[in-house]
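K.L.:
build me a model:
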Amino acid sequence: MSGIDVVNGAVGAVFGLVLGSLFQQPIEDAWHRFRRRSAGRVRSMTFRQDGDRAAWSAFALGPLRTSALIVEGDGRHPIAPSAVHVQVLDQEVVLPEEMTPWRDEVAEQESARDGGGAWNGPRYAVDGVSVSRSPLEEQPEVRLRLRPTDYFTFLAAQQLDRRLPDGTTPRGRYLDPGDPLAAPAFLQCSFGVNVAVVTADHLLVVSHRADSVRTGTGLWNSSVNEGLSRHLDSAGRSAPDLHEVARRGMREELSLEPHEYTLSLLAFVLDVERRQWSAHFHAQLGELTGQGLQERMSRGVADRWEHQSTDLVPFRPADVVRYLLRPDRIHHWTPTAPALFHLALVHAYGRGPVERAEDRAVRRLGAR
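P.N.:
Numbers count the residues shown, from 1 in each chain. Next up, the predicted model:
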């Protein structure tokens, strides 16, 4: 190598170092700004129409059809508690003027039904649910906006197909069939948690709702079902914690304490027919067996009146699916329970084995 080549190489190296020092920091700063912007980008949830077929549809299992729309979550990966952000807005839900008399009717009916001591518990209405994701980690961030409401408003708003003075119905006037997530808060005066409880000896707890309850009367349901209460879950001052609501339901309906199980949030689900939102959980008991749970409940349960009986089903895909499709069960489920049990199975066994068991059960049913 000549002396000239050595000099040229040294000059090039020095020049490259100078350029690197001049441009490296601006490039790094621009990259960090891009990451910060991307991490906060929201992917909106829409009900896209593809010709005559909707991109989303309610949960179904062969002939078992439900109105439960799984909005977020597939059972495989739990949603972290830190990824759920609940905001309580100040303004209380107000019914449209033409629906206000319906609430007055409810108050009169409930007062007569309860002998003059009508209970009008403070509740929450759903103002909106949104999901964002980071393009790098693809982890969901769920934001739930709530507004104060009460039980009488909920019962009035549940009359979605009642005729208004002009002949229309609340469903026809205020809901968009092309976008099930778009609805005014006064029609969504319900948010609850549903828990699939599995005992230490792998038995799924299935509850049978009592004939005395106002909603889901006599239907088979999740192990635990609990609605958000402004009085019990936040005292009207702070946003409720959905995991704590689930733990309250576990305590009140099954007499289970938090140290006795692990709790995983699997999905957010909307009953599109009744406009009721739900968070779906899976709870795995550590040591308490099915027999032990039954003995525990025989010694007293706070909310025993909500359920008239419980079944214990082997928590295996084939057994649970056959139970869901039993002739005396298939048309007697609450809208969200079948989706909950499917998600719990996927969480425990994976999607492949669960879907194969479901396909086999549906084929056998069709061959009869």
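
K.L.:
point out where the stretch 201-350 of the chain drops to low pLDDT.
P.N.:
Where the stretch 201-350 of the chain drops to pLDDT under 70, the residues are 212-214, 216, 235-237, 302-305, 307.

K.L.:
would you map the strands across it?
P.N.:
Here the stretch 201-350 of the chain has its strands, by DSSP state E, counting those that start in this stretch, at 203-209, 220-221, 224-227, 261-271, 276-285, 307-314.

K.L.:
from the chain's centre, how far out does the first one sit?
P.N.:
So the one you mean is strand 203-209. Taking Cα atoms, centre = their mean, to the nearest Å, one finds the center of strand 203-209 at 19 Å from the center of the full chain.

K.L.:
and if you look at the fourth one?
P.N.:
The chain centroid and the centroid of strand 261-271 are separated by 6 Å, computed with Cα atoms, centre = their mean.

K.L.:
how about the helices in the chain?
P.N.:
Here the chain has its helices, by DSSP state H, at 3-39, 100-113, 151-157, 170-174, 230-233, 242-254, 290-298, 317-324, 337-349, 351-367.

K.L.:
turn the ones you listed into a markdown table, columns for mean neighbour count and distance to residue 208.
P.N.:
Where C-beta positions appear, they are placed from N, C-alpha and C, glycine not excepted. Below are those laid out as a markdown table (neighbours: other Cβ atoms under 10 Å; distance: least, Cβ to Cβ, whole Å):
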| stretch | mean neighbour count | distance to residue 208 |
| --- | --- | --- |
| helix 3-39 | 10 | 46 |
| helix 100-113 | 14 | 23 |
| helix 151-157 | 23 | 23 |
| helix 170-174 | 17 | 29 |
| helix 230-233 | 16 | 24 |
| helix 242-254 | 22 | 12 |
| helix 290-298 | 15 | 13 |
| helix 317-324 | 20 | 13 |
| helix 337-349 | 25 | 11 |
| helix 351-367 | 14 | 22 |
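
K.L.:
out of the ones you listed, the one nearest residue 73 is which?
P.N.:
With Cβ to Cβ, the closest approach to residue 73 among the helices of the chain belongs to helix 337-349: 7.0 Å.

K.L.:
compute the inter-axis angle for that closest one and strand 307-314.
P.N.:
30 degrees (axes from the mean of the first three to the mean of the last three Cα atoms, to 10 degrees).

K.L.:
thinking again about what came up before, residue 266: which of the helices of the chain is closest?
P.N.:
Set against residue 266 and scored by Cβ to Cβ, these come closest in helix 337-349, at 4.7 Å.

K.L.:
and residue 255, which of the strands of the stretch 201-350 of the chain is closest to it?
P.N.:
Residue 255 sits nearest to strand 224-227 of all the strands of the stretch 201-350 of the chain, at 11.1 Å, using Cβ to Cβ.

K.L.:
tabulate the helices of the chain (TSV), appending distance to residue 123.
P.N.:
Converted to TSV, those look like this (distance: least, Cβ to Cβ, whole Å):
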stretch	distance to residue 123
helix 3-39	34
helix 100-113	13
helix 151-157	6
helix 170-174	18
helix 230-233	6
helix 242-254	12
helix 290-298	27
helix 317-324	30
helix 337-349	21
helix 351-367	34
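
K.L.:
wait, which of those is closest to residue 60?
P.N.:
Closest to residue 60 of the helices of the chain is helix 337-349 (Cβ to Cβ; 8.6 Å).

K.L.:
contacts for that closest one, please.
P.N.:
59, 61, 64, 66, 68, 70, 73-76, 78, 194, 196, 198, 204, 206, 219-222, 264, 266-267, 269, 280, 282, 315, 317, 320, 324, 354, 358 (Cβ atoms under 8 Å, 6 or more residues apart in numbering).

K.L.:
show the buried residues in the residues you listed.
P.N.:
The neighbour-count test (16 or more other Cβ atoms under 10 Å) marks 59, 61, 64, 66, 68, 70, 73, 75, 78, 194, 196, 198, 204, 206, 219-222, 264, 266-267, 269, 280, 282, 315, 317, 320, 324, 354, 358 as buried among these.

K.L.:
before we move on, back to that, between the helices of the chain, which gets nearest to residue 185?
P.N.:
helix 151-157 (9.5 Å).

K.L.:
run through who's touching the closest one.
P.N.:
With Cβ under 8 Å, 6+ apart as the test, helix 151-157 has contacts from 93, 95, 99, 102-103, 105-107, 110, 119-123, 125, 170, 186-190, 214, 275.

K.L.:
run the last query once more with 7 Å
P.N.:
If you take Cβ atoms under 7 Å, 6 or more residues apart in numbering as the criterion, helix 151-157 is touched by 93, 95, 99, 102-103, 106-107, 110, 119-121, 123, 186-187, 189-190.

K.L.:
could you do stretch 285-293 as well?
P.N.:
So stretch 285-293 is contacted by 197, 198, 199, 200, 201, 203, 254, 260, 261, 312 (Cβ under 7 Å, 6+ apart).

K.L.:
can you pick the most crowded of these?
P.N.:
The most crowded member of those, judged by other Cβ atoms under 10 Å, is residue 197 (29 neighbours).

K.L.:
surely it touches residue 203?
P.N.:
No: with contact defined as Cβ atoms under 7 Å, residue 197 and residue 203 do not form a contacting pair (9.1 Å).

K.L.:
residues contacting residue 176?
P.N.:
residue 182.
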